[in-house]
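>>> based on what follows, work out the 3D shape:
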Amino acid sequence: MLKPIKAGTYFVNQNKKVFIFTDHEPEEIIFKDKNNEPVQISDFFKIGEDVYISRIVSEDMGDEGKPDIQDSTYHYKQSKGKIIDISEKPQEKPIQNYSSYTSDNWIVKKTAFEDGFVSDIKNQFFKGGARFRHVFGCFEIETGLFFNVLESGKPGLQEGLYFFPVERTSCSRVQEKGEIW
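Numbers count the residues shown, from 1 in each chain. Predicted coordinates:
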């Protein structure tokens, strides 16, 4: 069994490290079991406010003197601060469509462009902006906007988590490719 984690908006990178967004920056979540020991997770996502977590545990299934190490996968669901074991996780993760977001400082929207669509990010405060092929997920803090680039569409720009400071006209990549939940 796992211990519950703080509720919020999360970023999961390709190495399955999970970060929760705070007022200042993403903080890594260390998953722990009921004995307070750190554990590695193998999958993490949200559907609505429910969090789904999977982990793989190597267990000795053999008889005395004859070890037989096998991997077992355990699934958990966290809802309203309580975590429970579940027999299996939902079959499909939510679709990562284009994000749309509007605030006093930011506009993130899907725009028709050439042969398809792009994601435009506008900094209303400094009149700067950025354009990527596909943005899914964003989280605003006092000093700027975090957003997740699933596909950059530009040579030299990589997918990943970007930060766009309020007082700047451009953004920078702060994490490798991942997902915002």
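>>> what number of residues lie near N36?
7 (other CB atoms under 10 Å). All C-beta spots, glycine's among them, are computed from the backbone N, C-alpha and C.
>>> how about the contacts made by it?
K3 (CB atoms under 8 Å, 6 or more residues apart in numbering).
>>> dump the residue contacts of I29.
Applying CB under 8 Å, 6+ apart, we find I29 in contact with 5-6, 10, 18-20.
>>> with neighbour count, pLDDT and distance to R55 as extra columns, can I get those in a markdown table?
Shown next, in a markdown table, are those (neighbours: other CB atoms under 10 Å; pLDDT from 0 to 100; distance: CB to CB, whole Å):
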| residue | neighbour count | pLDDT | distance to R55 |
| --- | --- | --- | --- |
| I5 | 19 | 94 | 13 |
| K6 | 10 | 92 | 18 |
| Y10 | 23 | 93 | 16 |
| V18 | 22 | 95 | 12 |
| F19 | 21 | 94 | 17 |
| I20 | 16 | 94 | 18 |
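>>> narrow those to those in strands?
10, 18-20 (DSSP state E).
>>> switch these over to CSV; also include distance to F146.
Below are the ones in strands among the contacts of I29 laid out as CSV (distance: CB to CB, whole Å):
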residue, distance to F146
Y10, 11
V18, 14
F19, 10
I20, 12
